[in-house]
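Asks: sequence first, predicted model second:
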Amino acid sequence: MKKIFINGYGSIGSRITAFLKDDPEISIIGVGKYSPDEKVNLAISRGLKVFAPERKLNEFKDFEIAGSIESALDDCDLVVDAAPGGHGFLNKKNLYEPKSVMAIYQGGESVVGDKAVSDLLFNSRANYELSLGKRHVMQGSCNVTGMGRILEPLREKFGEKLLRFDVTLVRRWADIEQTDKKLKDTIEMTESPHHGDDVKTYFGKDSPLFVRAIKVPTRQMHLHIMDIRFKDKSPKPSEIHNIFVNEFGVATLWTAKGTKDVRDFAETMGFNFTDTNMIHIHANMTASIGDTVQLMYSDDQTGIVIPENHMLLQSMLFGKSYQEAFTHTESIFHMQEKKQKLEEHFAKKD
Ligand SMILES: NC(=O)c1ccc[n+]([C@@H]2O[C@H](COP(=O)([O-])OP(=O)(O)OC[C@H]3O[C@@H](n4cnc5c(N)ncnc54)[C@H](OP(=O)(O)O)[C@@H]3O)[C@@H](O)[C@H]2O)c1
């Protein structure tokens, strides 16, 4: 049994913790909180031990804190860092390295430059094997993970026939539970988005991938609008859809009018956190025109990276093969069943 600490209990940390509680190979030491707010008691009510930074213990005196984060790391096999972007790097330098603890970092960090947390950005579909034996690895962000689920199978199928990929990321403004974060009535443009460079760390630095990003006032997922150009005539939409029939974490839907339809269905079906944990190709929007395939898929922003974290920690902690990790992750996340339910509900109507 390996001992894991989750540092940060926000959108990502709370989800990872909930799923790890179902994993018989893992024991959760507790979670790290930095603000003395109602979420401390929420975590305790869920049977978790809550730890706070040593320097802030006094601020948490009205709560039943189990101890300092520093002390929790003294007997810990791996930390899942779920801190706001940039703090993971500081935690690595100030906590994890001095205490010689392995760590997984989230998509708000970087694998290049002075503040790199690792030399590996993980995507289970693209580079699972490279994470074996590593002590510090970054999990790609939701958009970066989603793109990998589309690009890798396309490359495997069409290889040299592909000319370039142009992607517009339509990003959600906030997460569902971030109720304190107001949606701003604007379409915000993102200068130099990191997503393309992040994908290129596993897809190849010279790959012909061109990414633009905007943010829109919704909490209901991201939408990627992708144009795939071929050297000659492009394949038919059905040939594209067929590639994803057996892909992990990709559902092909025909009748969802918008991203909220997908979220609402997840809620109706009782999926944890109303997450689908995957991307959804909106097959009714696929078109093949001359040398180009137009594709749209939505990306469950908070859910998609959770099974990825689970795959990664099995590699780092147990040195499992891809297949072993995949089978165990499937037994906890039931991705195949979720995919099937989504595809049945949003099936093509003849
Ligand atoms: N949200 C998404 O859709 C999404 C998807 C993929 C990847 N990510 C990435 O996941 C990471 C976490 O994002 P999030 O959306 O979960 O953020 P979040 O909801 O704002 O939660 C951040 C959590 O980190 C805690 N925290 C504050 N300072 C910390 C520190 N120094 N060290 C450790 N934890 C600290 C906060 O504690 P208090 O609340 O107690 O202050 C809070 O619980 C980011 O790198 C983000 O880019 C997010």
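Replies: Done, it's in.

Asks: list, one by one, the residues from this structure near the ligand.
Replies: 7-13, 32-35, 82-85, 87, 91, 106-108, 141-142, 175, 301-302, 305 (Cβ under 6 Å from any ligand atom). The way it works is simple: take the backbone N, C-alpha and C, and place the C-beta from them, glycine included.

Asks: which of these fall in helices?
Replies: Ser11, Ile12, Gly13, His87, Asn91, Cys142, Val305 (DSSP state H).

Asks: I'd assumed Ala83 was in contact with the second one.
Replies: No - counting by Cβ atoms under 8 Å, Ala83 is not a contact partner of Ile12; they are 9.3 Å apart.

Asks: what's the closest of the ones in helices among the residues of the chain next to the ligand to Asp119?
Replies: Asn91 (17.7 Å; Cβ to Cβ).

Asks: burial count for the closest one?
Replies: 23 (other Cβ atoms under 10 Å).

Asks: next, the residue nearest to Lys2 when sequence neighbours are not counted: phi, psi?
Replies: Spatial nearest neighbour of Lys2, excluding adjacent residues (Cβ to Cβ, 6 or more residues apart in numbering): Asp77 at 4.4 Å. Phi and psi for Asp77, reported as degrees, to the nearest 10, are phi -90, psi -30.

Asks: number of nearby residues for Asp77?
Replies: Neighbour number of Asp77 under other Cβ under 10 Å is 17.

Asks: got a list of what it touches?
Replies: Lys2, Lys3, Ile4, Val101, Met102, Leu317 (Cβ atoms under 8 Å, 6 or more residues apart in numbering).

Asks: secondary structure class of the second one, three-state.
Replies: Here Lys3 is strand, with the state taken from DSSP: H, G, I helix; E, B strand; the rest coil.

Asks: who does it bridge with?
Replies: Ser27 (DSSP bridges).

Asks: could you check how far it is from the ligand?
Replies: 18 Å (Cβ to the nearest ligand atom, to the nearest Å).

Asks: not counting its neighbours along the chain, what's nearest the closest residue to the ligand within the stretch 1-150 of the chain?
Replies: Across the stretch 1-150 of the chain, the shortest distance to the ligand (Cβ to the nearest ligand atom) belongs to Gly10, at 1.8 Å. Using Cβ to Cβ, 6+ apart and skipping the chain neighbours, the partner closest in space to Gly10 is Ala82 (6.5 Å).

Asks: need phi/psi at the nearest residue in space to Thr255 that is not next to it in sequence.
Replies: In this structure, Thr255 finds its nearest non-sequential neighbour in Phe346, 4.8 Å apart by Cβ to Cβ, 6+ apart. Main-chain torsions, Phe346, degrees, to the nearest 10: phi -100, psi 30.

Asks: which residues touch Phe346?
Replies: Taking Cβ under 8 Å, 6+ apart as the test, what Phe346 contacts is Ala251, Leu253, Trp254, Thr255, Ala256, Asp261, Val262, Phe265, His280.

Asks: look up how far Glu38 lies from the one residue in the stretch 151-300 of the chain that gets nearest to the ligand.
Replies: Closest approach between the stretch 151-300 of the chain and the ligand, counting by Cβ to the nearest ligand atom: Asp175, at 4.9 Å. Counting by Cβ to Cβ, to the nearest Å, the gap from Asp175 to Glu38 is 17 Å.

Asks: those two: who's more crowded?
Replies: Asp175 (15 against 9).

Asks: and that one, how close does it get to Lys33?
Replies: Asp175 is 18 Å from Lys33, by Cβ to Cβ.

Asks: same question for Arg229.
Replies: Counting by Cβ to Cβ - Arg229 and Lys33 are separated by 48 Å.

Asks: which one's more surrounded, those two?
Replies: Lys33 (25 against 15).

Asks: list buried residues within the contacts of Phe346.
Replies: Ala251, Leu253, Trp254, Ala256, Asp261, Val262, Phe265, His280 (16 or more other Cβ atoms under 10 Å).

Asks: anything in contact with each of Ile12 and Ala83?
Replies: Shared contacts of Ile12 and Ala83, counting by Cβ under 8 Å, 6+ apart, come down to Gln106.
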